[in-house]
Structures are given as structure tokens and as C-alpha cells.
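Colleague: pasting the sequence and the predicted model now:
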Amino acid sequence: MKPIIGITAFVDDNLSSQLNAAYSKSVIEAGGIPLIIPIGVEQDVAEILALTDGLLLSGGHDIHPFRFEAEPSPTIGKVHPARDAVEVALIEEAITRKMPIFGICRGLQILNVALGGTLYQDIDSEYASTKLLQHAQQSGRTVATHYVQIAANNLLMDIIGQEKIAVNSLHHQAVNRLADQCKIAATSSDGIVEAIVYEELPFCLAVQWHPEELATVGDEHAQRLFSAFIEASLKFKRKEIAG
């Protein structure tokens, strides 16, 4: 028995749905079955999630600032409101179902926004720190370029089991005001929020880096994240079958 993992799709300029192969590969290698969820299905998220056992929120373009009641910064990147709409609907339905949720990069940001938080639209121009790290790395996607510090007593620490790990970094937006229901699980040395947990669910974790890329090249910590998510999704599946 394998859990089916619904993965939100990247949207290009033609509104075509795509997915970096590293996401599906990491899910498959951890023991899950990937299922890509396109845009335009927000009215049907209950039926879609009834077919799945876990929700993976993938990376991609910026989140429209209207989602957190802000005007656009001059430095904001491309936005696709249709993707925002379907992901918020999926998050709300997954929470209702108490389904495992795993967010990656943009996935962390949309989870925070869906729960009432806000974002820095561009940390290089908006975040007040004289020691800001390079969060949009120039190195390849599978290269770890900075460290994150993991807080005690949260799901991420339970999975990783150590306070400091090296991660890759491919973003320019980040959490500004954390959603009330969420808890910071990790930060970088400049104070950027690198992971959050929503403890109202048995498994709801989001990270600002890209473990799907690291997992494919054998990074143990990244593989642990996917294994834990798939294990939680399998547990959810068994519970649903048992009724």
C-alpha cells in the first residue's frame, strides 16, 4: 500500500501546469505515488483530495500581494492569481480533512498567507538586516549554500534530530508576519524564517529551501523530510480506509 500525494503544479506564462521532476522523484523514492494538481480546480478540491493522502505544496512564482492585503513592490516577480486561488482552496480543504501537508519554498509562503500571515515581497529591498545572506543562490539547485538553525520541540526537529543543517536557497520572498496558528521551526543566521509548523494537524510542515533537489543527490536530511511526510500520509490513508 502506497499513499497518493497530490502535488501543486508550477504555472508558466501560458498557464500551463508543469512540475520539476525532482518533486515526483523524491515522492516516489520515499514510497509515495505523485499526482499533479493543475490550476482551475478550486471548486473541486474536496473531490480531488478525497483521492489523495497527502498534499505537497511546490515552489514557483511569487504570491500576489493582494492575498495579504498589500500593494505590489517594484521588485516583485511574476504572479499567477489562478495558482494562488487553487492552492489556498487546497490548503483549507486539507486542514479540514486533517491531511498531512508539506510545503516547499513558495509552499511555505502560501501556507503562511492562507492562514493569515504576510510576506516580504522582496527581502533584498524590504528586510531590515545588514547581514542578509544570499537567499537566491547562484550555485546549482543541488548545492547547499547556507545553514539553518532548527528550533527545539517541533516536528522539524523530531525529523532531523539536530540543531543545524546546510540547505539550498532559491527565493526572494519570505515570511514577514507569521500566521497566528503557526510556529517558527527554523531560521537562518540573518533571521529569515526557514521553516514553519502548523501544530493543529498531526503533520503540517513547510520549509523555505528545496529538499526535493537535495534528496535526489542523496542528502540524508532532505530524504528524512520526504520519508516522514510519506509515512504520515500512509498513516492518514490507513485511517481513512479504516473509517
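Modeller: Yep, that arrived.

Colleague: all strands for this structure, in order.
Modeller: Listed in chain order, the strands of the chain (DSSP state E) span 4-8, 10-11, 17-18, 33-37, 54-57, 101-104, 119-120, 146-150, 164-167, 174-175, 182-187, 193-198, 204-207.

Colleague: ok, which of those strands comes nearest residue 45?
Modeller: Nearest to residue 45, of all those, is strand 33-37, at 8.5 Å by C-beta to C-beta. To be clear about C-beta, it is placed using only N, CA and C from the backbone, and glycine gets the same treatment.

Colleague: who are the packing partners of that closest one?
Modeller: Under the contact definition 3 or more C-beta pairs under 8 Å, 6 or more residues apart in numbering; DSSP states H and E, strand 33-37 sits against strand 4-8, helix 21-29.

Colleague: so where's this structure shaky on pLDDT?
Modeller: Along the chain, the model assigns pLDDT under 70 to no residue.

Colleague: which residues touch the residue most central in space within it?
Modeller: The residue lying closest to the centre of the chain (C-alpha atoms, centre = their mean) is residue 103, at 1.8 Å. By C-beta atoms under 8 Å, 6 or more residues apart in numbering, the contact set of residue 103 is 56-57, 110-111, 205-207.

Colleague: same thing but 10 Å
Modeller: 8, 55-59, 87, 91, 109-112, 114, 195-196, 198, 204-208 (C-beta atoms under 10 Å, 6 or more residues apart in numbering).

Colleague: which residues sit in contact with the nearest residue to it once chain neighbours are set aside?
Modeller: For residue 103, ignoring the flanking residues on the chain, the nearest one in space by C-beta to C-beta, 6 or more residues apart in numbering is residue 206 at 2.9 Å. Shown in contact with residue 206 (C-beta under 10 Å, 6+ apart): 57, 101-112, 156, 175, 182, 185, 193-198.
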